[in-house]
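Novice: fold the following and give me the result.
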Amino acid sequence: MPLSKPPRDATGEVVPHNHEGIMQTDRIIRRVSEEHFVPDPKAATGRRVSSLAFQASTIGNRGMSVDIESSIVEAGIDPTTFVTTPQYIGSVWFHAGYLRSEGFLVGYDPLPENPHHGEVWGNFTKGLRKKLLKVAQWFVEIDNVDLHVAS
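Specialist: Okay, here's the model as predicted:
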């Protein structure tokens, strides 16, 4: 069943919320681009995904932009193809329940160009961004970039 419309404020902006149609076990996908990589001599490839890939936007309702895998699948689309573009060459995933257990709200925020778009809202402290990086799993792996580097 498609996700129900999200709550909106008087200006039409989506209000941060935990969407009831996004289940705890749903995979929440975060796209990553070349901008999210940093050099790291400890990484086997010499570079890794930065924890800065997991932060809120400075515009709009200040959430972290994500895609909702269950919505993509329900539409009959291959999610690995859907989230991969020339700009976003890879992606990682989290369970919605994990994000919520860390105090984040996980909601639906459809865009005209992406009806499967969501947001993760909360306090993206440096410590939480590092924690997100540690638990993230590749969804679309990038061959020459490490996700986790042994401490």
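
Novice: any idea of the pLDDT on M1?
Specialist: Per-residue pLDDT puts M1 at 75.

Novice: and it, how far from W121?
Specialist: Plainly put, M1 is 24 Å away from W121 if you go by Cβ to Cβ, to the nearest Å. For glycine as for every other residue, the C-beta is placed from the backbone atoms N, C-alpha and C.

Novice: more neighbours: the two, which one.
Specialist: W121 (22 against 5; other Cβ atoms under 10 Å).

Novice: L99 versus that one, what's the distance?
Specialist: W121 sits 10 Å away from L99, going by Cβ to Cβ.

Novice: helix, strand, or coil at the spatially most central residue of the chain?
Specialist: By Cα atoms, centre = their mean, the chain has its centre lying nearest to R30, at 2.6 Å. Assigned by DSSP: H, G, I helix; E, B strand; the rest coil, the conformation of R30 is strand.

Novice: ok, L99 next?
Specialist: Looking at L99 with three-state DSSP, the answer is helix.

Novice: wait, it touches V120, no?
Specialist: Yes - if you go by Cβ atoms under 8 Å, L99 and V120 touch, sitting 5.7 Å apart.

Novice: overlap in contacts of those two?
Specialist: I28, V106 (Cβ atoms under 8 Å, 6 or more residues apart in numbering).

Novice: how near is the residue nearest to G122 when sequence neighbours are not counted to A43?
Specialist: Leaving aside its chain neighbours, G122 sits nearest to F104 (3.8 Å; criterion: Cβ to Cβ, 6 or more residues apart in numbering). Distance of F104 to A43, given as Cβ to Cβ: 27 Å.

Novice: next: R31.
Specialist: Distance from R31 to A43, by Cβ to Cβ: 20 Å.

Novice: just to revisit the earlier point, wait, the residue nearest to the centre of the chain touches V92, no?
Specialist: Yes - using Cβ under 8 Å, R30 is in contact with V92, at 5.3 Å.

Novice: what touches both of the two?
Specialist: Between them, R30 and V92 share the contacting residues A53, A136, judged by Cβ under 8 Å, 6+ apart.
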